[in-house]
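Asker: Fold the following.
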Amino acid sequence: MPASILIVDDEPHTLEGLEAALEDRYEITTANNAKEAFNHLESDRFDVVLTDLRMAGKSGMSVIERTLTISPRPVCIMMTAYGNVETAVDAMKRGAYDFLTKPVSLEKLELLIERALKTEQLEKENQTLHQRLDQKFKFDEILGNSPKLQKILDTVRLVAPSKATVLIEGETGTGKELIAQAIHQNSDRSRRPFVAVHCAALASNLLESELFGHEKGAFTGATERRIGRFEAADGGTLFLDEIGEIDASTQIKLLRFLETRTLERLGSVKTISIDARLVCATNKDLAAMARRGNFRADLLYRLNVISLDLPPLRDRQEDIPLLLEYYVDTFSRENNLPPVTFSPDAVGVLQKYRWPGNIRELRNFCENIVILKRGSLVTEYDLETKFFDEGPPARTAISGLVSNPLSVEENEKRLLRNALQKTGGNKTQAAELLGMSRRTLHRKLARWPELLES
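Answerer: Reported below is the predicted structural model:
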């Protein structure tokens, strides 16, 4: 995809001449004053801003200063007929890459643009490389040792370096986006953008524009040109979550992209070549949808080059203790609270629970329990009734028996004391309430006679 350049100049002939000279190699947008340039900078992404210094209204310096607020920031080149050393130094101090005097030599300008783009690209690549170097072939938030998960990660390692389109299937909350990020991070595209789009979050009439972009005037409300997510992901990876939600029109355009690697913005006839790897995800049965006519079969074939089927958490019971420990520690540090700990019985209950919301549900559970329990030992009696297939243990019926116990012994004494108080000292009823025999109760009371006095 060619670099995009915004040219700002209040002289129409200069503007037209520069556009004509550069449009064969670059994508050109023009503005005849600083205000118009500001509007373009807000709605579009540019690689280079070429601006005149002296213009009616705000000067070119204000354009350069405005680019300081943009990320990623475009390369700025200043032009002026009033060139002198002081002006050049001032422009460079304010963020200009270089400085040219008018009349501009087109040969020098093209060389300067080319050099500036190469320098900027190297800086971006170095920065991204440093950020991703320690993430290479690591899966920091994909936790677990279960065979099913390890098989998925082994496949990710094999698939990541390729250019193949990947379809990730699995229930809601199983970590599909994390797998997509792992594929990107372990590919040769890791230095380029990872762009995620959640298709179900956008109305069908907005999704097409969001993906493919639009030109000014393409539809009511399209006041400016806008690049789409495909263009934003050029050279990198585009992740389309909930791909089963896209409508028939968008399916056709997506199929065309996969066949030609080109697209057209809405309202434009100009074909743009895009080098973006596509990774899609769904919690629906696309094959069944294709049989019903709700999803194009030819598109499904194109998407399903490599298929990854993520296991639900209920099929990874051995990973639950590790996930509990990780998320409890994470939320404890985030909230500056002591971590809670789980009793073996509580862990056992949580491992048997089916977790319909999968990892997302477990994550939310851990955040809730860290904030509410604040360093406590969490026993099976602290868990909600939903975690028990056959109802909670009998002792959960005793209101207020467990409240931040400091030890197993103290917790047991508190249970006994509260049961005796609740039954008015009736040992038979207290034993039934606690789910133990009367003989066991007498043995414990003999060990702690002070309970009879309280």
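Asker: Count the neighbours of residue 229 for me.
Answerer: Look at residue 229: counted by other Cβ atoms under 10 Å, it has 20 neighbours. The C-beta positions use only the backbone N, C-alpha and C, and glycine is treated the same way.
Asker: mind checking how far it is from residue 206?
Answerer: 12 Å (Cβ to Cβ, to the nearest Å).
Asker: got it, and residue 67?
Answerer: 28 Å.
Asker: For these two, indicate the residue with more neighbours.
Answerer: The neighbour comparison of residue 67 against residue 206 (other Cβ under 10 Å) goes to residue 67, with 20 against 10.
Asker: so who does that one touch?
Answerer: 41, 49, 73, 74, 76, 95 (Cβ atoms under 8 Å, 6 or more residues apart in numbering).
Asker: go on, residue 38?
Answerer: By Cβ under 8 Å, 6+ apart, the neighbours of residue 38 are 63, 66.
Asker: from the chain's centre, how far out does stretch 186-204 sit?
Answerer: What separates the centre of stretch 186-204 from the centre of its chain is 8 Å, taken as Cα atoms, centre = their mean, to the nearest Å.
Asker: Okay, buried residues for it please.
Answerer: Neighbour-count burial for stretch 186-204, counted by 16 or more other Cβ atoms under 10 Å, picks out 186-187, 189-197, 199, 202.
Asker: that older thread, of the contacts of residue 67, which one scores lowest on pLDDT?
Answerer: Among the contacts of residue 67, residue 95 has the lowest pLDDT, at 80.
Asker: which one is that one nearest to, not counting chain neighbours?
Answerer: Spatial nearest neighbour of residue 95, chain neighbours left out: residue 64 (5.1 Å); criterion: Cβ to Cβ, 6 or more residues apart in numbering.
Asker: Quick one: the strands in the stretch 1-150 of the chain, in order.
Answerer: Taking DSSP state E, counting those that start in this stretch, the strands of the stretch 1-150 of the chain run over residues 4-8, 27-31, 48-52, 75-80, 98-101.
Asker: quick one, which of these is nearest to residue 362?
Answerer: The minimum distance between residue 362 and these falls on strand 4-8, with 43.8 Å, by Cβ to Cβ.
Asker: Paired strands for that closest one, with orientation please.
Answerer: Partners of strand 4-8 in the sheet, by DSSP bridges, are strand 27-31 (parallel), strand 48-52 (parallel).
Asker: need those in JSON lines with mean neighbour count and distance to residue 81, can you?
Answerer: Shown next, in JSON lines, are those (neighbours: other Cβ atoms under 10 Å; distance: least, Cβ to Cβ, whole Å):
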{"stretch": "strand 27-31", "mean neighbour count": "20", "distance to residue 81": "19"}
{"stretch": "strand 48-52", "mean neighbour count": "25", "distance to residue 81": "9"}
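Asker: In JSON lines, list those along with distance to residue 363.
Answerer: Output for the strands paired with strand 4-8, formatted as JSON lines (distance: least, Cβ to Cβ, whole Å):
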{"stretch": "strand 27-31", "distance to residue 363": "42"}
{"stretch": "strand 48-52", "distance to residue 363": "43"}
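Asker: Of all these, which one comes closest to residue 274?
Answerer: Per Cβ to Cβ, nearest to residue 274 of those: strand 27-31, 12.9 Å.
Asker: taking the mean pLDDT, what do you get for the closest one?
Answerer: pLDDT averaged over strand 27-31 gives 93.
Asker: Now do the one helix or strand residue 300 maps to: distance to the chain's middle.
Answerer: Residue 300 belongs to helix 297-303 when elements are defined using DSSP states H and E. Relative to its parent chain, helix 297-303 has a centroid offset of 25 Å by Cα atoms, centre = their mean.
Asker: and it, which residues are buried?
Answerer: 299, 300, 302, 303.
Asker: What pairs with the helix or strand just after that helix, parallel or antiparallel?
Answerer: Moving toward the C-terminus from helix 297-303, the next helix or strand (DSSP H and E) is strand 306-309. Strand pairing for strand 306-309, determined by DSSP bridges: strand 166-169 (parallel).
Asker: do you know how far residue 432 is from residue 444?
Answerer: If you measure residue 432 against residue 444 using Cβ to Cβ, the figure is 15 Å.
Asker: Repeat that for residue 427.
Answerer: 11 Å.
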